[in-house]
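Undergrad: Only the shape, not the letters, is given here:
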């Protein structure tokens, strides 16, 4: 895959922010992974999440044009982590119009930034646009804009309708794809994975009610989101996000520390970075809520780490990698903070080792084999604190 740009991660970030500042956008501070009190979600999953009240009409103190960089965590793609593009924690580049400019303007600016700011060739661009459904007609204005700009368009239905849940603000979106294959671009984004989506422009025009009906918003808005890590890997011509300059310290250090196959190495790298970032935002392992997400991440990576060698330990993790991650996500990386992160991870490792030892003892004592029923799983979980996935792992280990 040929590189489209020689920009580093930091240069890519600066190019994005500078462009939108030049268009009159005010930068807002990226929030923690922890949503504000009263918010029902465990973690911030998109750059727009902290801005929902303003997209719904509340005036923002910095005006109607905003730009930011927001760290996000998504567990919905957890099983996809290990492939070339998915990450659990990542940085989202976002721009917003709160009742100011319209969708076509957002698309024109997006095209200009990609072409002039990032140096992407016109023929490596393809977009998808909402083609209409039973409630809303095709997004004609986006279609016309892209046609005028000379970018090919594929019309879809569900793939180009954005919502943050079953109710609330929603609307058609236009996704921008970059060609990552060898040779001239071919096919379309929905038929060829070599077209990689990097940017989504949402036209926030409606509110969906509980009965499924749509109401036109009094103030329409624009919400765009672009994953920094994925963008950088495509611009630098890398076949995965883990090969970009951002992951260089990890990919240079971990293979010499632990011998793992490529997929396992990516998962361990991702979960460690995510764990460091979650701890950096103040979360501690527990059996519920955010703490359980952290616990699950750490135990998933330890399971992979110990598959080849049970003596491997997170205490071997170099401080450099913790500092690099905290710095990338704009978290404090003082000596005390790095030590605290390592202590939290090390403590969770010790608890997991003890749980595994107890689990092996319980399964052996009760003579369990691979034919467990739901009652067996419930008993092991409720009486001995052994979750189903851990039991299955132990049974596979001894089977």
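TA: Received the coordinates, thanks. For clarity, every value in this text was computed on a predicted model and none was experimentally measured.
Undergrad: CA atoms for contacts and neighbours, from now on please.
TA: OK.
Undergrad: burial measure for residue 235, as a count.
TA: By other CA atoms under 10 Å, the residues close to residue 235 number 24.
Undergrad: what about it, distance to residue 375?
TA: 52 Å (CA to CA, to the nearest Å).
Undergrad: try residue 247
TA: Residue 247 sits 44 Å away from residue 375, going by CA to CA.
Undergrad: With residue 46 instead?
TA: Using CA to CA, residue 46 is found at 39 Å from residue 375.
Undergrad: How many residues are close by residue 104?
TA: Other residues close to residue 104 by other CA under 10 Å number 17.
Undergrad: which residues does it contact?
TA: With contact set as CA atoms under 8 Å, 6 or more residues apart in numbering, residue 104 has these partners: 141-142, 145.
Undergrad: okay, residue 46 and residue 375: which has more neighbours?
TA: More crowded of residue 46 and residue 375, by other CA under 10 Å: residue 46, with 23 against 9.
Undergrad: doesn't that one fall inside a helix?
TA: No: if the criterion is DSSP: H, G, I helix; E, B strand; the rest coil, then residue 46 is coil and not within a helix.
Undergrad: Tell me which residues touch it, please.
TA: Contacts of residue 46 (CA under 8 Å, 6+ apart): 70, 72-73, 92, 225.
Undergrad: List the buried residues of stretch 302-313.
TA: For stretch 302-313, burial by neighbour count (16 or more other CA atoms under 10 Å) applies to 302, 304-305.
Undergrad: same thing with stretch 256-276?
TA: 258, 260, 264-276.
Undergrad: about what we covered before: out of the contacts of residue 104, which sit inside helices?
TA: Among the contacts of residue 104, DSSP state H puts 141-142, 145 in helices.
Undergrad: Pull the distance from the stretch of helix or strand residue 96 belongs to to the chain's centre.
TA: Assigned by DSSP states H and E, residue 96 belongs to strand 89-98. In terms of CA atoms, centre = their mean, to the nearest Å, the centre of strand 89-98 is set 12 Å apart from its chain centre.
Undergrad: what packs against it?
TA: Contacts defined by 3 or more CA pairs under 8 Å, 6 or more residues apart in numbering; DSSP states H and E place strand 89-98 against strand 65-73, strand 214-227, helix 228-235, helix 262-280.
Undergrad: rerun at 6 Å
TA: When contacts are defined as 3 or more CA pairs under 6 Å, 6 or more residues apart in numbering; DSSP states H and E, strand 89-98 packs onto strand 65-73, strand 214-227.
Undergrad: Just the residues contacting the first one, thanks.
TA: Contact with strand 65-73 is made by 25-28, 30, 44-47, 88-97, as judged by CA atoms under 6 Å, 6 or more residues apart in numbering.
Undergrad: Let me know the closest of the buried residues of stretch 256-276 to residue 213.
TA: Minimum distance to residue 213 across these is 37.9 Å, recorded for residue 274 (CA to CA).
Undergrad: Assess the claim that that closest one and residue 89 are in contact.
TA: Yes: counting by CA atoms under 6 Å, residue 274 touches residue 89, with 5.3 Å between them.
Undergrad: In the protein, where is pLDDT below threshold?
TA: Along the chain, the parts satisfying pLDDT under 70 run over 1, 333-336, 369-370, 398-399.
Undergrad: Can you show me the strands along it?
TA: Using DSSP state E, the strands found in the chain span residues 26-27, 65-73, 89-98, 125-130, 153-156, 161-163, 168-179, 195-208, 214-227.
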